[in-house]
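Peer 1: Generate a structure from the sequence data that follows.
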Amino acid sequence: MLQIQLFMYNWREGGRKKDLHPDSLTFPVKERCSCRTAQAVDHAVTECIQEGILREFLLSQRAEVTAMSIFEYDEEEEKRKLRETEYEFGREDGIKEGREEGREEGREEFRLLVRELLAQGRREELDRAVTEDGYLDQLLAEFGLDIRRQGEKE
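Peer 2: Residues are numbered from 1 along each chain as shown. Prediction:
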């Protein structure tokens with residue numbers, strides 16, 4: 001039994017590829033085909049035959065391959081899978097962005113603290129802040145530089 005892997009492209013979002021049938025063979029389609037599922041499958045099969053991809057098999061089994069591809073497609077299931085995939089992409093992007101912002105805020109807090117401590121001649125406390133657990137947070141709070149807590153107040 002041959003399984004066909006079709007891809008749906010969202011051309012409005014940079015051509016992101018969505019796998020419609022996992023664990024299956026890929027039929028590459030060179031050009032954009034904005035048509036219904038049956039037409040898209042037929043287009044993919046035709047192009048594979050023209051390119052010599054499984055040519056003999058597709059010529060002899062074209063109707064079965066096309067029917068299986070069309071009837072095994074569950075639009076609601078595919079929409080659900082797409083939503084899950086997009087949610088994961090968004091979640092990963094959000095986590096990455098949050099980490100980047102957190103690092104930047106931390107660098108800014110530390111830079112301001114170092115400036116204040118050096119201006120006040122408190123170099124020993126700067127050394128202690130980088131070696132003693134909890135002392136950095138204590139100094140940030142003393143100088144009102146703890147950006148995390150300021151964000152919670154707003």
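Peer 1: Dump stretch 61-69 to CSV, keeping only the CA atoms.
Peer 2: Extracted C-alpha coordinates of stretch 61-69, given in CSV (Å, rounded to 0.1, in the frame of the first residue of the first chain):
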residue,chain,number,x,y,z
GLN,A,61,-2.5,2.7,-9.7
ARG,A,62,-3.4,6.4,-10.3
ALA,A,63,-7.1,6.0,-9.4
GLU,A,64,-6.3,4.2,-6.1
VAL,A,65,-3.6,6.5,-5.1
THR,A,66,-5.8,9.6,-5.8
ALA,A,67,-8.8,8.1,-4.0
MET,A,68,-6.8,7.1,-0.9
SER,A,69,-5.2,10.5,-0.7
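Peer 1: So which bits of that stretch are buried?
Peer 2: 65-66, 68-69 (16 or more other CB atoms under 10 Å). All C-beta spots, glycine's among them, are computed from the backbone N, C-alpha and C.
Peer 1: average pLDDT for that stretch?
Peer 2: Across stretch 61-69, the average pLDDT comes to 82.
Peer 1: and the longest helix for the protein?
Peer 2: helix 75-119 (DSSP state H).
Peer 1: other SSEs contacting it?
Peer 2: In terms of contacts (3 or more CB pairs under 8 Å, 6 or more residues apart in numbering; DSSP states H and E), helix 75-119 is packed against strand 16-19, helix 123-131, helix 135-142, helix 147-153.
Peer 1: Can you tell me the element D133 falls in?
Peer 2: Assigning secondary structure by DSSP states H and E places D133 outside every helix and strand.
Peer 1: so how far is L58 from it?
Peer 2: 67 Å (CB to CB, to the nearest Å).
Peer 1: and the buried residues of stretch 61-69 as CSV, adding secondary structure?
Peer 2: Formatted as CSV, the buried residues of stretch 61-69 follow (DSSP: H, G, I helix; E, B strand; the rest coil):
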residue, secondary structure
V65, helix
T66, helix
M68, helix
S69, helix
